[in-house]
Structure formats: structure tokens, C-alpha cells
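# Predicted model, plus sequence, below.
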Amino acid sequence: MRPLDEAETTQVLEKLHKFVGSNLRHLIERRSHEGCEATTTPAGGYCLRLHKQRVYYVSEALVRRATNVGREKLCGLGTCLGKFTKSGKFRLVVTCLDLLAAHAKYKIWLKPSAEMSFLYGNHVLKSGLGRITDNTPQYQGVVIYSMSDVPLGFGLAAKSTQECRKLDPNDIVALHQADLGEYLRLEDEL
Amino acid sequence: MPGLPATSGKMSTRKRKRKQKGVPGVPQLPPEVGDDEVEVSDEDVEFMQQHEDYAGFLANLDTPNINKCLMGPRQKKNAEDIESVYEKRADRIAARAADGNSVVMSVDPVDALPVKSLAGELHYRSTAMSKALAQHEAAILAEGQTVAKKPKLTKAERRKEMKELKKKEKEEKKQEGRIAEEILKPIVQQPQEAVVSYISVQQRRAELKARMAEIGSGLLADPEGNLSTLKELQEMCKDRDDSVAQLALLSSMAVFKDLLPGYRIRLPTDKELEMQVSKEIRKLRDFESALLRHYQTYVQTLIQAAKSRPRRQIALRCMCSLLDAAPHFNYRDSLLKAIVPRMMSQEDEISAMSCEALKSLFKNEDKHGGEATVEAVQLIAELVKIRHCRLRPSVLEVFMVLSFDEDLERSSTSGRGEDRIGGKPKSKRQEKQEKKAKKRELAAQLRKEVRADFKEASVAPDTVERRRLQTLTLAAVFETYFRVLKTSLDPADERTKVAMSLEENGPVATDIRPLLGPALDGLAKFSHLISVDFMADLLAVLRTLAAGGHIVTGTQSDNLLSVGERLQCCIIAFKIVRSNMDALNIDLREFYVRLYNLLLEFNSLRDEEKYGEVFVQALQVMLLEGRQHDMQRAAGFIKRLSSLALHLGPAEAMAALVTVRQLLQRYSKCRSILDNDGGGGSVGGNVAMFQVDGEDPDLSGALSSVLWELSLLRQHAHPGVVKLAAEISNMSTSSSTSALLATLSPVDALKLYSTRQGGFRPAPALPPKVVKKNAYKDPRDISDPCLLDLLGKEDLLLLEEVNDVSNNLVKHFRVLRDYLENDQLRKEHRRVSASLELYKQYMTSKPSKSKNRTTKRSKIAK
């Protein structure tokens, strides 16, 4: 477990910025109430840690405690944001969905009929599009919700809002990146 | 003779003396003394006797004759002078009374004092003037009606009538010439006499007016025969005298209104002119072209007149009513070109008149088939472009009257479909094919003819054509709107600043963006007609506007839009999106953020009435009608609205609370903020702390807060607010959504509880003491319905009593005043009659002297 170096940090933050935009500041400056029960210590912030090629979003109090565990024995800590691939690229995984959903700028809501299809790992089609945030640019990271505001996953907008109006029902609106179904399908990898 | 020269000298002096007695300049008559009464000295007698030769003529002097010669004419002349003065004055008065339409009311000094009748009313003489215009017009109209009622005449009769009319006209012309000469004579002869010229002007006006009436009635009776008289009327329109010209303009307007045919006149081409035509057709053609010529000159005269200060209002009135009456007719474009720029006139009356004219033009599209609308709208668009959107708001408010037929598209497409179906597949065999082809051709030709005939016969204009016109109109309207929006984004550059500083002194309100309000209204009204292609750009512009123009202008605080305007932008964005809902369901996140922040700013101008309505409308449109929000956002709005309700007026607070309750009903998960423990539990999201002044409702963390505002609101002064707050706070425990005012919308709430008109709504039961206090107020207040609600039956009775008393008092004092007045009048009367008596006595004692004076005195006494 180690802090990220500069190149890695930029990579991670760029990826996050695609989804949360200017809310990235809130994500980084968020105060944690974890581990400050003894009111004397001030609430710590959150930080990013790299462990076994995975990037974790952890409160500082937890990091201090985790140092007690050996590197071999430590499986994970905090929230896993994603992992670096063998070729050095960073990928978000579904476990960061909650964080993204809380700060997302651009959202897509799915019709109930299209939810299952998306949860099996398919792209979002125009026919399944319930709502979309106004003014979404193309290839913008979007968080995908069900109509009852449950975050289902995230992906990239394949078309801008403007273009979406004229699409056929079978055209792809959002490209799939991660969904809740992965908790079952890829249980081992996570 | 040595003494001769001396005597002759003496003689001459005596003669002179004699003569001096009768010299003019000595006003008194010499005392009538008989010859024997003269005391003649001895010297004189001696002298006379000595020079009998010289002085003999004195004996036979004819004194009375001489006296007569010297004095008589003089006396007479004096008397004549006085008489003539009186006569002249009487003449003048009579002349003024005769021409009752003199524009300038001049009062003779004698008449300056009002006459008081016995009843105590004051009568001013010479006030019955200046009603001529209205009377004259009425007369023209009446004539028009009578003419319309006349049965149609046969040809012979008409010819006869024409002849008669012509004769009459000739005579009239002659007479007029004579009269004009007579009128002109005095002016030429005695230009220095202003009175005479004044009278002559008045006479001339009266004459010309009569002439106008004659021409008008003649034209209405027989337009074809008397068309040439229009020329005379045109001449009068250009008269030097303003009042004559105005009258002429008005009367020719009335004439043209009746004369203009219900179709557009097309002048025949050369080819058509060459062709041989029947007599009637030629007659009709001649008439039409003549009418058109006259109309053209009239329109030109009007446009000229509209440029001169005294005539422009009348000219504009004429143009407006012409446009209203005959928008289909030729030269409509020049009328429009004259009227449209006057919409932004500095004078309120003129601009209002032209705006009204355009509105009626837009409303009565059937009259001109929409072509005039297109022209007018394009002209206005051009005007807005040229003036850089710095105009009166009323210019754009005109567009609100426009109506667009949405079914046009559908009907036209269906028509095309039928056409396509009309074609049939061909048969294969050649002979049959040929035969059938021939038949088909015939049928097609027939069908074509029939269709053409039908098209001519049908009154309804072609749908394709109408659609084209509508598209043009819409394009111009939206071009204008978009231009206004765009320019309101621009920072106030030097040019507009200069313009503003110029206008600051003028009557025009110095609004930075005078047109934005009406443009936004118009966009909201026609939002369903905007093409989807424009929507993105439009929303982008609205977004920056709703942000107060921050992005473009930087941080110029003087250039920001007002809160009301920004709220309006948000509302319109929602309306546009909703009307295009079938295209795509869009979440207008940015606008929610704007609204969330505007709610804080709104607090500062809660006192302005119009913003109250905008605010409530925003709540209704954005929060209640827009169906889906996420929970965080809803919670953020709930929290902010309820804290806002703490410092708003009761009506707005009610509206806000109604919104809060409906949001809570819809998003049941949000009810956790009604619980006592903070933190929000699992739904609190990742934002642990509530940020009061956060900018984004999604990130406000409102779910982890507690809605403590409700308990404060339960101690509000307004009973309605208290009730509603209590109900909301009990929502989490009692699942029943029973409710007081469950279906109340924020807009209704504002109306119901608004205290703008005074009073307290709903009226609470006041203790009786307070009611009594109110009862002694001005009785006018009672007319307010809410106050009437407050008062019980007894109080009303009491009020009536009070009213009775006041009425009686008024009567009493009126009688007292009358009595005093009467007393004074009586005193005056007594005094005058006493002095009259005295004077009579004096007169009887000296009857010979000055009869004249007594009559005068008695006149005055009368």
C-alpha cells in the first residue's frame, strides 16, 4: 500500500473528472467522521492509496490503522475506485458507483423495461432512454439510474443530448462501462 | 385815411373772434343768448355807425346757418361714432356666436363675467363651441347610412340624378367661387384688420366644411359619377389651414372606407388594354384605375401629413382606420411602412394607436389572407434589428395577438396523400391501354378544371399558401425574439450607454433590456412551434440569461438581469422543453440549480408584486409539474423553501409550504428530514453535512438535516401557515394524506392568501371591539369584500346608521349654505333696487338731462 505518484494521480483524477466534473473538489476535500470519536482529533480527510494495482479511496484514519496489517495479508481497504491495467491504464470499477452517483453531473435514467438489459452488460439504446440531463456532451461520463433514482451503473454518453433527439430507437445512447450486475458476474475479480 | 388800417385791423380781430366761437375743437355749444340780451357798449354803437359800409353785413348774418355749418355736423358725427362702435361690437359678437366652431374661444370683455341664475348656477356665455369635428363626422356617417338605405335606382333615374347632381355641383362651384371672392376681397382690401380676417377664416372653414359634406354625400350616392370630386377633396387635404386639412383628411378617410372594393385592384396590362371589351367592362376599368389613382394620392398625402406636427395625429388615425378597414387593398405596404415606425414614437398616444392598428390587423387575418401579417411582422423585425432592440416593450407585445393554425400541416399533408392515391396502375394490353389512357386524360382534364373552378369558388385560402405565409411569419417572429435574447446577452457597449443617457431625460423607461420581458412572454406562448433544431441553442442562451449573463459579461453588476427576469427564463426553458416532451425527456439540471440560488435572492424583493407571481409560477412549473427529480434535489428544495417561508409574506409562505408538502408527498423517502435525529441515515448520501448556502441542490446534503423551520412556522401570525406547517410536520407519523387544501396549487395559494389588496385572508374572526373601531372608518372601505366578511350583521346595521347620520348631516349643511347664499342675494337685490329708486327720483327731478344714461344704467342693473 502506497500513495499514488503524480502520473498515477493525474490519471485517476482525470478519469473521475469525466464523471463528476467540478464536483471532484467535493470528493477530495470531503471530511471524514471516521475514527474521530474521541472529539480531540480533528476530522481527517480522504486520500487515495494504491494497493496491488488497485486504487482505494480511504479515510486517513483508516489508512493509519491499516498500516498495522502486512502488505501480503491486506486484501483491500476503503472504497475501491478502480485498477491499473497491465498496460498502465486506469479503469474504474463498479464499486465506485456510490461515490460517482453522489457527485455526478450528467445522468441518464432508464425505463424499467431497459433496466435488466443494462444490468446484463449491454449498452443503453434510445428505446430504453427514460430521461437525460440537458446539454450532455458526447463521450461525457454519465451515471445511469433507474427511474426510481437507484444508481445502476455508469458509462459514456455515445451521443450528445441534441443528437439523441433524432436517433432511431435502436441506436446506442450510452456505452456500458460498469453496472451492478458485475457484483454477481465478476464476483471473483472484484 | 389814417384810421383805416387800424379799424380794418380791429375788424379783422373781431371777425376772428366771432369765428373762433365756432372753431372746431371747442366742444361746448355757445350759450343761446338772444340778440337783445347782449349788452352793446356805446363805443361799439358808434363804431358801427361810423363804418356802416364795412359792418353792414353783420346785420344780415345768418347765425343759425353758420352755427349749423360749424357745429351741427360735428355733433352728428359724435353720435354716429358711438353708435358705430356699439354696432361693430354687436356684429363681432354675432359673428362669433354664428361660427360655433372657432377653435380659439375668445370672450368679449362684457361677456367675461359669468351670469348667475337665481338657482345659483353660473352660466358662461360663448362656450358652445368646438364640437364641429365630431358633428361633421357624425353627419358623414349618417349620410352614409342613409345612402346605404336608398333603394337601387334604375339606369334612367340614375342618369337623371347624375345630371341634376352635376348641375348642382356647377352651381355650387360658381357660388363657391363667388363666396371665395367675397371672402378674399376684405382680406385684400384691408389686410390690417385682423378681426375681419379672422371672421373670414372662420367663414371659409364653415364653407369648406359644408363643401366636404356635400362631396362626401355625393360620392356615397353615386361613386362612379362623382369620382372626380375626390380631387377637390384631395386639394383640401393639402390646405394651408390645419383644421381644414384635418377635416378633409378625416372625411376622405370615411369616403374611402366606403368606396374601396373588397378585392385588390389589378391594373390591366397593355395587352388587355388592346383587346376589345364591352362598354361596361371599360367603364369598370376606368373607375377602378381612377379610384386607385385617387387612393394613391390620398395615401401619399397622409404620409406627408404624418410628418407635420399639427396634423400627424389625425393622419395617423386615418391610416390606422384605413389599415383596419381595407388591409387587402393596394398600397397597404406603404401604410404599414408609415405605421410600423410610429409604434416606437415618443408620444404615448401615437404609439398606442399604431399598436392597436397592428393588433387588429393580426386578429382579422381573414380580411387579407395573412399577407399583411407577414409584411407587418417582417417590418417590425427589421425595426428591432435597426434599433438594436432598444424600443418600447409594446412593440413586441403586438406579437402576442398572433395566432397560428397548427392543423394546417396535417390537413395539407393529408391532401397530398389523396393526390397520390388518385393514380391507378396501368393495364397491360395496348389497345385497352390507349383507350384507357385517353379516357384517363379526359377525366384528368375534367378533374383539373373542376378543381380550378372549385378553388376559385371556395372562400377558404389555399392551405399550402397559408402554410407558406405562416412559416414566413413565424420565422420573422422568432428571428425577432432570438435577436432580443442575443442582444440582451451582450454587455452594454458604448452605443447603448449613450442611447440610455439620452433617453434618461425622456419619457421612455430606461430599462437596459426593454424588450426582454415581452420576448420571453412570446417565446413561452409560441414555444410549441419552435423547431427542435433551435432548441439547443435557445436553451443555451436561456441558460446564460438565467445565470444573469455571468458567463459573457463577466462580473459587471450593473448589467445583470433582475431576479424576476431570470426566474422567467427558467420558467420558459421548462415550458419549451415540456411542449417538446415527445422528442426527448430532458432533465434541466442547470435550471434547477439556478432556481435553487434564485430562491435566496428572491428574498430581497419579496415586496414587489409582480415577482410574487413569477416566483409562484416558477414553483408550480419547475417543481410540481416537472415530474421527476432525484431525492437529494427534492430534499434540497424542501429545506430551502421551508426556510424561505420563514421570511416571506403569508401568501408566498403558503405557496412555498404547499410546494413543500406536495414534494414530501411525492418523494416519501425525503420524509426522513422530518425526523428528529440528524444525519439522514442510509439515505443521507455521501454528503454528511448540510450546507445552508450550497449552490447545488443535489449536493446540499439536505437529507442529513432536520426541518426545524416547521416548528417555527407553527407560531406564524397567519393561521393558514400554522395549520399547514402542523400538517406537514405530522406527515411522517400519520400516513393518512388527509388534507386541508390537498389539491391547492401554489398559484392558487397566492391568489387565495394574497394580502396585496389589503385585508387578511382568510378573514379571521376579530374581537367585537376591533370591529367597532373599523366601523367608524371611511365607509368606502366597506366595499372591500374581505372587510365585509369581517363584519357581522349587527355591525352592518350600525354602519348603515352611521351612513344615515352622515347623509342627514350633509343635507343639513347644504340647506344652511343655500340659506346663506339666498340671504346674500336678497341683500344685493335690495341694494340695487334702492339705488334704482333713488336714481329714478333723480331722473324725475331732471327729466331733460341724459335719457341715454338712464337706459344704460338700467341695462347694467339688469
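Thanks, I have the structure now. Just so we're clear, the structure is a prediction, and the values are computed from it rather than from any experiment.
# for chain A, which spans come out with low pLDDT?
Within chain A, the segments meeting pLDDT under 70 span A:32-43.
# tell me the strands in chain A, going along the chain?
A:2-3, A:46-51, A:54-59, A:79-84, A:90-92, A:107-110, A:124-125, A:129-133, A:141-146, A:151-157, A:172-179 (DSSP state E).
# Compare those strands and report which one is nearest to B:Gly612.
strand A:129-133 (30.6 Å; CB to CB). Placement of C-beta: from N, CA and C, glycine included.
# quick check, B:Asn226 in a helix?
No - counting by DSSP: H, G, I helix; E, B strand; the rest coil, B:Asn226 falls outside a helix, being coil.
# and the residue of the stretch 101-250 of chain B found nearest chain A, how many residues sit next to it?
Taking CB to the nearest CB as the measure, the stretch 101-250 of chain B has B:Leu249 as its residue closest to chain A, at 55.8 Å. B:Leu249: 25 surrounding residues under other CB atoms under 10 Å in any protein chain shown.
# Repeat that for the one 3 residues further on.
Residues lying near B:Ser252 (other CB under 10 Å) number 26.
# And for the one 5 residues further on?
Counted by other CB under 10 Å, the residues lying close to B:Lys257 total 15.
# Show me which residues of chain A are close to chain B?
Taking CB under 8 Å from any CB of the partner chain as the criterion, chain A approaches chain B at residues A:23, A:26, A:30-31, A:33, A:98-99, A:102-103, A:105, A:107, A:109, A:129-135, A:145, A:147, A:149, A:161-162, A:164-166.
# run the last query once more with 6 Å
With CB under 6 Å from any CB of the partner chain as the criterion, chain A comes near chain B at residues A:Ala102, A:Arg131, A:Thr133, A:Asp134, A:Asp149, A:Gln162, A:Cys164, A:Arg165.
# need the helices for chain A, in chain order.
A:6-20, A:24-28, A:60-66, A:97-103, A:112-119, A:161-164, A:182-185 (DSSP state H).
# for the second one, which positions count as buried?
Meaning helix A:24-28. A:Leu24, A:His26, A:Leu27 (16 or more other CB atoms under 10 Å in any protein chain shown).
# got a list of what the first one touches?
Going back to what we said before, that points to A:Leu24. A:Leu16, A:His17 (CB atoms under 6 Å, 6 or more residues apart in numbering or on different chains).
# and it, how far is that from A:Arg2?
22 Å (CB to CB, to the nearest Å).
# How about the second one?
Separation of A:His26 from A:Arg2 (CB to CB): 25 Å.
# next one: the last one
A:Leu27 sits 21 Å away from A:Arg2, going by CB to CB.
# Report the distance from stretch A:167-180 to the chain centre.
With CA atoms, centre = their mean, to the nearest Å as the basis, stretch A:167-180 stands 17 Å off its chain's centre.
# Show me what counts as buried in the helix or strand that contains B:Leu208.
Counting by DSSP states H and E, the element that carries B:Leu208 is helix B:194-221. Of all the residues in helix B:194-221, those buried under the rule 16+ other CB under 10 Å are B:196, B:198-209, B:211-221.
# ok, back up a step: pull out the buried residues from the residues of chain A next to chain B.
Using 16+ other CB under 10 Å, the buried ones in the residues of chain A next to chain B are A:Ala102, A:Arg131, A:Thr133, A:Asp134, A:Asp149, A:Gln162, A:Cys164, A:Arg165.
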